[in-house]
Each structure stands twice: as C-alpha cells, then as structure tokens.
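Participant: the following block contains a protein sequence and its predicted model.
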Amino acid sequence: NKSGIMDEATVAAVRKFQKESGLYPYGVLDYTTMQKLDKSVVEYITGVKNNEDLQLQKAIELIK
C-alpha cells in the first residue's frame, strides 16, 4: 500500500500472490516471495511471459 505499512490488505495481497505463484501462502514478504515478485514484474513489463515484444508492438503502433 502507499503508506508503506504492512497492513491486513497488504498481507492478504501477499498471500494471494504466494498462492498464485505456487508458494506457501503465509503472508510474509520473504526472500523467495520477493524473487518471484521481481520476476513477475519484469515479465509483465517486457512481455516475456506471453512471448510478446512490447517494445516492438509499441513501435508498430506508432508507425501506423
């Protein structure tokens, strides 16, 4: 959350992410969870997970 405090909503979000990522969902932002989260963010930004090249798609969109 924006306050930087690990409140109930944040713990619930961490648990959800852990469960969806195949980790034990105990709501603690441990090293393994942070690694998975970092990887997920990079995959989202780069489009690697879906074999998409987001930069290429944007360039094509701008050319049209």
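Facilitator: Perfect, I can see it now. Numbers count the residues shown, from 1 in each chain.

Participant: so where's the chain shaky on pLDDT?
Facilitator: 1, 49-51 (pLDDT under 70).

Participant: the top helix by length along the chain: what's the following helix or strand?
Facilitator: The helix that spans the most residues within the chain, counting by DSSP state H, is helix 31-46. The C-terminal neighbour of helix 31-46 among helices and strands, as given by DSSP states H and E, is helix 54-63.

Participant: the inter-axis angle of that following helix versus helix 31-46?
Facilitator: 20 degrees (axes from the mean of the first three to the mean of the last three Cα atoms, to 10 degrees).

Participant: helices or strands up against helix 54-63?
Facilitator: Helices and strands touching helix 54-63, by 3 or more Cβ pairs under 8 Å, 6 or more residues apart in numbering; DSSP states H and E: there are none. In this view, the C-beta of every residue, glycine as well, is placed from N, C-alpha and C.

Participant: distance-wise, check the nearest residue to S21 once chain neighbours are set aside relative to Y24.
Facilitator: Nearest residue to S21, sequence neighbours excluded (Cβ to Cβ, 6 or more residues apart in numbering): K36, at 4.8 Å. Separation of K36 from Y24 (Cβ to Cβ, to the nearest Å): 12 Å.

Participant: so which of these two has more stuff around it?
Facilitator: Taking neighbours as other Cβ atoms under 10 Å, K36 and Y24 compare with K36 leading, 16 against 12.

Participant: hang on, the earlier thing: what helices or strands is the longest helix of the chain leaning on?
Facilitator: Going by 3+ Cβ pairs under 8 Å, 6+ apart, helix 31-46 lies up against helix 8-20.

Participant: list the buried residues for the helix it packs on?
Facilitator: 14-15, 17-18 (16 or more other Cβ atoms under 10 Å).

Participant: number of residues surrounding L37?
Facilitator: 15.

Participant: tell me the spacing between it and I63.
Facilitator: Taking Cβ to Cβ, one finds L37 at 34 Å from I63.

Participant: next one: T33
Facilitator: 40 Å.
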